[in-house]
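**Student:** Take this sequence and fold it.
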Amino acid sequence: MLRVLAIDDEVPALDELAYLLREDARVEHVATASDGATALRDMVEMIGRGERLDGIFLDIRMPGLSGLELGRLIGGFPDPPRLVFVTAHEEWAVKAFELEAVDYLLKPVRSARLAEAVRRLSIAVGRAAEPDAEEVIPVELGGHTRFVALPEVLFAEAQGDYVRLHTATDNYLVRASLATLERQWADFGFIRVHRSTLVSTRHVKELYLEAGRIVLKVGEHTVPVSRRHSRQVREQLIGQASLGGSPLRRRTGPRP
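**Tutor:** Residues are numbered from 1 along each chain as shown. Predicted coordinates:
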């Protein structure tokens with residue numbers, strides 16, 4: 001279970017962030033601060049009391065001590081908590097990752113995107129296991145049951161009352177709802193890219209634009225991203241690649 005500190009000088013944004021964090025079952029305790037100087041003082045007091053602090057969710061543009069300045073100071077702690085930046089500004093992402101940030105979220109923060117940041121934080125502090133290679137999905141084939149390893153699944157498509165699972169070599173129908181699989185597989189790196197499609201981020205090789213729409217290369221398949229999910233998908237995949245968690249390549253133009 002994680003113990004975190006949320007920092008933002010805008011009270012409504014801070015309250016919303018703290019609420020969402022408290023709703024996550026992986027988060028044990030959420031402290032808050034409305035400016036960098038107060039947060040730094042609180043952290044020093046917590047450390048002095050021997051309290052554990054796993055992560056800090058902090059805004060970048062704050063009066064006085066900015067989020068980046070605070071992040072540099074925290075980096076000098078003997079056992080620094082991990083950083084997750086939460087900001088309305090994209091342009092600071094490179095500097096944030098230079099501070100070894102776990103993640104970089106853009107406001108307004110969506111609950112699903114925050115859940116992914118909590119997952120990354122959990123892994124970074126060693127309190128969550130990586131996806132189990134033995135996790136399997138039973139599928140029925142002509143009276144026989146085959147067990148498909150979850151890490152082999154590239155993406156899943158909703159088809160009526162069923163979901164079709166695509167692997168590198170085959171595809172299988174399972175009786176389930178995509179919404180159920182989205183909840184069950186969130187910790188295994190699957191994200192919603194369309195109302196009818198989940199994609200495994202570990203298998204995304206490339207992201208590019210085609211006719212103004214984002215398209216993903218997943219294994220040898222191309223998977224379109226809906227406009228509704230474009231921002232979240234782009235933010236999540238590029239953030240993951242910046243952390244070294246994905247071989248993602250980006251194209252700025254259409255495929256030849």
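**Student:** in the chain, which ranges drop under the pLDDT threshold?
**Tutor:** 127-134, 143, 239-256 (pLDDT under 70).
**Student:** Tell me where the longest helix sits in it.
**Tutor:** Criterion DSSP state H: the longest helix present in the chain is helix 227-242.
**Student:** Okay, domains of the protein per the record?
**Tutor:** The record's domain parsing of the chain by automatic domain parsing lists 2-124, 137-250.
**Student:** how about JSON lines for those domains, with mean neighbour count added?
**Tutor:** To be clear about C-beta, it is placed using only N, CA and C from the backbone, and glycine gets the same treatment. Formatted as JSON lines, the domains of the chain follow (neighbours: other CB atoms under 10 Å):
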{"stretch": "domain 2-124", "mean neighbour count": "18"}
{"stretch": "domain 137-250", "mean neighbour count": "16"}
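**Student:** quick revisit: mind listing residues that contact the longest helix of the chain?
**Tutor:** By CB atoms under 8 Å, 6 or more residues apart in numbering, the list of residues contacting helix 227-242 from outside reads 93, 97, 103-106, 110, 112-113, 116, 191-195, 201, 204, 207, 213-214, 216, 225, 246-248, 250.
**Student:** Over to stretch 3-15?
**Tutor:** Contacts for stretch 3-15 (CB under 8 Å, 6+ apart): 17-18, 21, 27-36, 39, 42-43, 51-59, 62-63, 67, 70, 81, 86, 107, 121.
**Student:** Does Arg113 belong to a helix, a strand or coil?
**Tutor:** Taking DSSP: H, G, I helix; E, B strand; the rest coil as the rule, one finds Arg113 in the helix state.
**Student:** do you know how far the closest residue to it other than its chain neighbours is from Val199?
**Tutor:** The shortest distance from Arg113 to any non-neighbouring residue, by CB to CB, 6 or more residues apart in numbering, is to Gln232 (5.5 Å). As judged by CB to CB, to the nearest Å, Gln232 and Val199 stand 12 Å apart.
**Student:** any common contacting residues for those two?
**Tutor:** Ile191.
**Student:** Now do the strands in the stretch 51-200 of the chain.
**Tutor:** Remark: strands assigned in the stretch 51-200 of the chain by DSSP state E, counting those that start in this stretch are 55-58, 82-87, 103-106, 136-141, 144-149, 155-159, 162-166, 171-175, 190-194, 197-200.
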